[in-house]
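> Prediction below, plus the sequence it came from.
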Amino acid sequence: MRRVLRTWWLPALYMGIIFLLSAQSRLPVPRGPWVLSWDKAHHFTAYFFMGLLIFRAAGCSPVWKGMPVLLQTILIGTLYGTLDEFHQFFVPGRDANPFDLIADMTGLMLAAAAAAVFKYLRRDKDDRISKSARESLQCKR
């Protein structure tokens with residue numbers, strides 16, 4: 001149980017922050033290039049970082065044993081994104097937008113793919129480093 005708490009506290013905190021932001025009727029819109037003020041870019045970025053956090057947590061303490069971490073990342077993040085859009089349906093001034101969910105899923109998929117590639121490339125490097133250094137890079141048990 002401690003390992004689960006130790007590995008999942010950061011993604012849970014991040015999800016809580018997203019929930020609190022989603023509960024606001026209006027969020028400040030940054031000024032600058034059109035991409036910075038585009039709502040879908042915010043969704044993509046927020047869920048990209050959430051995907052990295054979920055990938056790491058699921059790699060150390062998987063939710064579903066035997067399921068690839070990449071798939072767990074996408075499923076958990078998409079479930080959360082769907083619940084978040086449903087939650088926004090009840091917030092005055094907000095709506096449930098399927099295109100927001102698509103932006104969320106795109107960020108999750110790119111984060112999971114990037115993390116999987118990074119993990120694969122690091123595995124080759126791990127073969128060339130000492131046992132003590134390799135243990136320091138792995139999940140704490």
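Alright, I've got the coordinates.
> From here on, just use CA atoms for contacts and neighbour counts.
OK.
> State the pLDDT value of Pro68.
Note on Pro68: pLDDT of 92.
> do you know how far it is from Ala58?
Between Pro68 and Ala58 the computed distance is 9 Å (C-alpha to C-alpha, to the nearest Å).
> Averaged pLDDT, stretch 51-62. What do you get?
92.
> Looking at Pro68 and Ala58, which has the bigger crowd around it?
More crowded of Pro68 and Ala58, by other C-alpha atoms under 10 Å: Ala58, with 24 against 12.
> Does anything pack onto the one helix or strand the more buried one maps to? Which helices or strands?
Using DSSP states H and E, Ala58 maps to helix 39-60. In terms of contacts (3 or more C-alpha pairs under 8 Å, 6 or more residues apart in numbering; DSSP states H and E), helix 39-60 is packed against helix 2-22, helix 69-89, helix 98-126.
> quick check: angle from the second one to helix 39-60?
Meaning helix 69-89. 140 degrees (axes from the mean of the first three to the mean of the last three C-alpha atoms, to 10 degrees).
> same for helix 69-89, what does it pack against?
helix 2-22, helix 39-60, helix 98-126.
> Ala58 touches Met67, doesn't it?
No - between Ala58 and Met67 there is no contact under C-alpha atoms under 8 Å: 10.0 Å.
> who touches both of those two?
When C-alpha atoms under 8 Å, 6 or more residues apart in numbering defines a contact, no residue borders Ala58 and Met67 alike.
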